[in-house]
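1. Structure for the following, please:
(4 chains)
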There are 2 protein chains.
Amino acid sequence: MYSISEIAKKVDISAHTLRYYEKEGIIDPIRNDHGVRQFDEQHLKWLQFVKKLRETQMPVSQIKEYTRLFLEGEHTANARLRLLEDHRQFIRDQIETLLGTDDMLSKKISTYKELMEKSLMK
Amino acid sequence: MYSISEIAKKVDISAHTLRYYEKEGIIDPIRNDHGVRQFDEQHLKWLQFVKKLRETQMPVSQIKEYTRLFLEGEHTANARLRLLEDHRQFIRDQIETLLGTDDMLSKKISTYKELMEKSLMK
DNA sequence: GTTTGACTTAGAGTGCACTCAAACGTCTAC
DNA sequence: GTAGACGTTTGAGTGCACTCTAAGTCAAAC
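-> So this is what the prediction gives:
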């Protein structure tokens, strides 16, 4: 069992943000008899998954929705699958955009370097 | 010469956002004798460049900084080069993250599909 | 036994990037 | 000559995702 600060460190998400995620219904830690949050390996895995979704710009609202469906049970598997597939498509589109801009930047960077060499030769 | 709404359409950035960019010093359209903004091909090209930077998450503040350096002249070429190289690195890191999550999602999606096939066979 | 430090809560504040509102000016078409 | 489409401005509002504050509880360390 981990305290909020321990798990915060492990997943590299601030304790503040974890409380915010709890308020949003994305996590539901166990509480001990003093009301202190306790996180287990399941929570850790879930948070690592959530983190990957956030790192790839899935909105918190969509993660909420996914969580809600998950908690609703088996019969929402189809809807969850669709959410994941949609996000994968978003990721792929994003990769395309990034590759395109990488390319443009590389060209621009080359031009800059050429220009600077020329001015050095003067 | 394009009006604000014409260029907004061309680059697919709202007129509102273009005015905001102007306030931030990212663009500096010409004004006619009635104070109406006029954009030319140079502005168009610049905005297309800015758009690519924004699409790849470069903060407006950094685009501002790049613009400022650009307007300062030749002697800032080195600083501008560094900005672009940093952003290219950011893009490459982002691509890595996206590829990793794409992979994870693909595995999860396969698992979902297998599960659903099994439940169909019951 | 008191201090330290980690935890709790509700609710307010922050920063970013827009996005809109209101009040007004100007051009063109009918 | 007036309606309507488009432009202008300043300043306020929005939505997202945190991020922090204040006031309090509790347990172990000194």
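2. and chain A, which of its residues are near DNA strand D?
-> A:14, A:16-17, A:19-20, A:34, A:54, A:59-61 (Cβ under 7 Å from any atom of the strand). C-betas here are computed from N, CA, C, even on glycine.
3. Which residue in the residues you listed has the weakest pLDDT?
-> Among the residues of chain A next to DNA strand D, residue A:34 carries the weakest pLDDT, at 92.
4. What residues of stretch A:13-33 count as buried?
-> The neighbour-count check on stretch A:13-33 (16 or more other Cβ atoms under 10 Å in any protein chain shown) flags A:13, A:18, A:21, A:26-27, A:29 as buried.
5. Check stretch A:65-74 too.
-> A:65-67, A:69.
6. could you dump the residues you listed to TSV with pLDDT?
-> What follows is those, written out as TSV (pLDDT from 0 to 100):
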residue	pLDDT
A:65	98
A:66	98
A:67	98
A:69	97
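7. per-residue pLDDT, the spatially closest residue to residue A:28 that is not a sequence neighbour?
-> The shortest distance from residue A:28 to any residue that is not its chain neighbour, by Cβ to Cβ, 6 or more residues apart in numbering or on different chains, is 6.9 Å, and that residue is residue A:22. pLDDT, residue A:22: 97.
8. doesn't residue A:30 make contact with residue A:22?
-> No: taking Cβ atoms under 8 Å as the definition, residue A:22 is not a contact partner of residue A:30, at 11.6 Å.
9. Which residues are in contact with each of these two?
-> residue A:37 (Cβ atoms under 8 Å, 6 or more residues apart in numbering or on different chains).
10. If we only consider the buried residues of stretch A:65-74, which is nearest to residue A:43?
-> residue A:67 (12.4 Å; Cβ to Cβ).
11. show me the contacts for the closest one.
-> A:25-26.
12. where exactly do the helices run in chain A?
-> Along chain A, counting by DSSP state H, helices occupy A:4-11, A:15-23, A:41-55, A:60-72, A:77-121.
13. Which neighbouring elements make contact with the first one?
-> Using 3 or more Cβ pairs under 8 Å, 6 or more residues apart in numbering or on different chains; DSSP states H and E as the contact criterion, the elements in contact with helix A:4-11 are helix A:15-23, helix A:41-55.
14. And the average pLDDT for that helix is what?
-> Mean pLDDT, computed over helix A:4-11, is 96.
15. Can you mark which positions in that helix are buried?
-> A:4, A:7-8, A:11.
16. Which one of the residues you listed is nearest to residue B:91?
-> For these, the nearest to residue B:91 is residue A:11 (24.8 Å; Cβ to Cβ).
17. which residues touch the most centrally placed residue in chain A?
-> Most central in chain A under Cα atoms, centre = their mean is residue A:54, positioned 2.0 Å from the mean C-alpha point. If you count contacts by Cβ under 8 Å, 6+ apart, residue A:54 has them with A:60, A:63.
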